[in-house]
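# Dropping a prediction and its sequence here:
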Amino acid sequence: MVLEFLVAAVGINGIFFGFAAVLRTDKVTDLSYSLTFLVLAVWGILRLPAEPTLWQLVLAGMVVLWALRLGGYLLVRILATGVDHRFDRMRDKPLVFARFWILQAVTVWVVMLPYALGLSAARAVSPWVWLGCGIWLAGLWLESVSDAVRYRFRRQAENASRPVDAGPWRYSRHPNYFGEMLVWWGIWLALLPAWVDRAGLVLVSALGPVFITGLLLFVSGIPLLEKSSASRYGAAWEAYAARTSLLVPWFPRRDVPPPPATPKRKRR
């Protein structure tokens with residue numbers, strides 16, 4: 001199933017890359033990310049040698065619900081904005097643009113390793129299962145609320161020069177990323193009973209949550225957003241960053257002065 005997942009991930013992203021490159025559009029990039037997860041989750045269930053157990057269906061449902069929620073949000077966002085500025089320097093360079101799609105396909109495949117390696121053996125229920133489900137649910141809730149708050153915040157014109165500091169964003173500069181990490185660590189924990197007496201698979205499957213955590217912490221997630229936010233919001237961002245936790249939600253520091261007030265526009 002691991003090799004099948006790789007072929008499927010590359011194939012799906014290859015098709016979407018061709019569409020995006022020909023039309024020079026950003027509207028399918030993030031959507032294809034969520035769709036790949038959804039297709040692999042369903043494909044895993046269909047490829048089981050026997051009728052899926054309730055627990056296997058629950059595991060598939062965890063991935064599918066996450067993918068549907070994220071895909072729906074990203075679709076609404078790109079339809080509202082019309083453009084994804086991450087690709088401003090790529091649209092006219094197919095080879096450069098293709099690297100994004102390759103990285104996306106590999107990311108999905110690696111993150112889905114626990115699912116691919118453990119789904120067929122996921123029959124026993126243990127405390128690890130319930131712990132994993134609880135962490136997954138907490139992550140899904142945090143990511144969903146964070147995205148909803150940010151979307152509403154950004155739709156208000158008076159917030160154009162302010163970093164998002166409402167809801168979960170008051171306690172973390174990147175609560176949505178923390179929620180996504182919880183989702184995949186939760187799924188990995190829920191699959192632990194599938195690898196009883198198979199320590200090697202435990203370590204290999206851990207590459208999934210480790211990879212997405214490292215990617216968000218050090219590569220394409222937090223570093224890029226921290227840099228762009230500092231450039232966009234200036235002193236307001238410095239004040240916000242000084243009092244707000246980077247990732248794990250925590251109470252804001254009170255010994256930091258508030259950000260400079262945004263001057264109100266005079267009514268004509």
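Happy to help now that I have it. Residues are numbered from 1 along each chain as shown.
# What segments of the stretch 51-200 of the chain are strands?
For the stretch 51-200 of the chain, applying DSSP state E, counting those that start in this stretch gives no strands.
# At the geometric centre of the chain, which residue do we find?
Nearest residue to the geometric centre of the chain (Cα atoms, centre = their mean): Glu180, 5.0 Å.
# which residues does the residue nearest to it when sequence neighbours are not counted contact?
Excluding the flanking residues, the one nearest Glu180 by Cβ to Cβ, 6 or more residues apart in numbering is Glu143, at 5.5 Å. Any C-beta I mention is one placed from the backbone N, CA and C, and that applies to glycine too. Residues near Glu143 by Cβ atoms under 8 Å, 6 or more residues apart in numbering: Arg69, Leu70, Pro175, Asn176, Gly179, Glu180, Val183.
# show me the contacts for the second one.
So that's Leu70. Leu70 is in contact with Tyr33, Ser34, Glu143, counting by Cβ under 8 Å, 6+ apart.
# The same query, at a cut-off of 7 Å, please.
The contact partners of Leu70, taken as Cβ atoms under 7 Å, 6 or more residues apart in numbering, are Ser34.
# Tell me how far it lies from Leu54.
25 Å (Cβ to Cβ, to the nearest Å).
# Just the element for the nearest residue to Val64 once chain neighbours are set aside, please.
Nearest non-adjacent residue to Val64, counting by Cβ to Cβ, 6+ apart: Ala41, 5.1 Å away. Here Ala41 is covered by helix 29-46, with elements defined by DSSP states H and E.
# Let's test this: mean pLDDT of that helix, rounded?
For helix 29-46, mean pLDDT rounds to 92.
# got the CA positions of that helix in CSV?
Output of helix 29-46 as CSV, limited to C-alpha atoms (Å, rounded to 0.1, in the frame of the first residue of the first chain):
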residue,chain,number,x,y,z
THR,A,29,-2.9,24.2,-5.8
ASP,A,30,-4.2,23.9,-2.2
LEU,A,31,-7.3,22.1,-3.2
SER,A,32,-5.3,19.3,-4.8
TYR,A,33,-3.4,18.9,-1.5
SER,A,34,-6.5,18.1,0.5
LEU,A,35,-8.0,16.0,-2.3
THR,A,36,-4.9,13.8,-2.4
PHE,A,37,-5.3,13.0,1.3
LEU,A,38,-8.9,12.2,0.8
VAL,A,39,-8.3,9.9,-2.2
LEU,A,40,-5.6,8.0,-0.4
ALA,A,41,-7.7,7.5,2.7
VAL,A,42,-10.6,6.1,0.7
TRP,A,43,-8.3,4.0,-1.5
GLY,A,44,-6.7,2.5,1.6
ILE,A,45,-10.1,1.3,2.8
LEU,A,46,-11.0,-0.1,-0.7
